[in-house]
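Colleague: fold the following.
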Amino acid sequence: METVAIVGTGRMGSLLARKLSEKYKLILIDKDVRRCGMLARELGAEGTMEYSLLSEADFIIIALPASIIPGAIGEIKPFLKQEHILINISTDTNMEAFAPLKNCCKLVSAKIIGHALQIDFGELPLIMIDGENEKARNKTAEIFGNIGAVKFGPEKIVAEINHIASEEGIKAAYNIQNRLKQLNIPEEYMSFAIRNVACGTMNAYAVGDAGPFAREIIKKLNQNQN
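Modeller: Coordinates of the predicted model:
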């Protein structure tokens, strides 16, 4: 069984660990050793705060916040080997940031068009695989095929997609909340309106399954654009 090390056990790192635990031996690495240890115990994995265990892995997934990655690169570097495939999933960190590691391992990015919570609920994400080495790209696609649909393409497009979708989603939720407040709708009802009605309507629109009321709204929006 191949070994995957996941550096970072936050929302996305934990999600990946749970999705991959049945097919790969896992090494979980995080400075928050309690969180890491609890997840490792849950999954029957190895949990540690020591980067030295990276040497035991076949694949290394970097699931750290963008702000932490520059500092982590220097700590990771001494334990990398040429045969390692290092996979960055940080939306806001491009391959250029990993230039100091270029001669130490094979670099690939696997950028996820998706939200950790929605993926955990069963929504299918799209993962964009990018990297110079074809074999490393293919192995990365094999791993992330356990998470969602995979496609080979430029990593930078994912940041644009996720930023626009997140910004417009927040605007929509904010506007719904304000309109309901104007009608004196109780606060405790708002999460149902946003998480159930609004999210459900957006999901239906995205797959071409909008109902009559939604279709009428779409028609009016199209007319206003023209």
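Colleague: hey, let's count contacts and neighbours off CA atoms from now on
Modeller: Fine.
Colleague: got the domain boundaries for the chain?
Modeller: Taking automatic domain parsing as the reference, the chain has its domains at 3-154, 159-225.
Colleague: can you redo those domains as TSV with mean neighbour count and mean pLDDT?
Modeller: What follows is the domains of the chain, written out as TSV (neighbours: other CA atoms under 10 Å; pLDDT from 0 to 100):
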stretch	mean neighbour count	mean pLDDT
domain 3-154	18	95
domain 159-225	13	90
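Colleague: and whichever helix in the chain runs longest, how far out from the chain's middle?
Modeller: With secondary structure taken from DSSP state H, the chain has its longest helix at helix 156-182. Per CA atoms, centre = their mean, to the nearest Å, the displacement of helix 156-182 from the mean C-alpha position of its chain is 18 Å.
Colleague: for stretch 191-209, same thing?
Modeller: Chain-centre distance of stretch 191-209: 21 Å, with CA atoms, centre = their mean.
Colleague: and stretch 133-152, how far apart are its ends?
Modeller: Counting by CA to CA, to the nearest Å, you get 12 Å between the two ends of stretch 133-152.
Colleague: ok, residues contacting it?
Modeller: Applying CA atoms under 8 Å, 6 or more residues apart in numbering, the external contacts of stretch 133-152 come out as 16, 19-20, 85, 87, 106-108, 110, 124-131.
Colleague: give me the subset of these lying in helices.
Modeller: Using DSSP H, the contacts of stretch 133-152 in helices are 16, 19-20.
Colleague: okay, those residues in TSV with distance to Ile27 next?
Modeller: Shown next, in TSV, are the ones in helices among the contacts of stretch 133-152 (distance: CA to CA, whole Å):
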residue	distance to Ile27
Leu16	12
Lys19	14
Leu20	11
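Colleague: now do the longest helix of the chain: which elements does it pack against?
Modeller: Counting contacts by 3 or more CA pairs under 8 Å, 6 or more residues apart in numbering; DSSP states H and E, helix 156-182 packs against strand 106-113, helix 187-192.
Colleague: output the shortest one as PDB, nothing but the C-alphas.
Modeller: Extracted as PDB, the C-alpha positions of helix 187-192 are listed here (Å, rounded to 0.1, in the frame of the first residue of the first chain):
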ATOM      1  CA  GLU A 187     -32.900  35.400  13.200                       C
ATOM      2  CA  GLU A 188     -33.200  31.700  13.800                       C
ATOM      3  CA  TYR A 189     -35.100  31.200  10.400                       C
ATOM      4  CA  MET A 190     -32.300  32.800   8.300                       C
ATOM      5  CA  SER A 191     -29.900  29.800   8.200                       C
ATOM      6  CA  PHE A 192     -32.700  27.700   6.800                       C
END
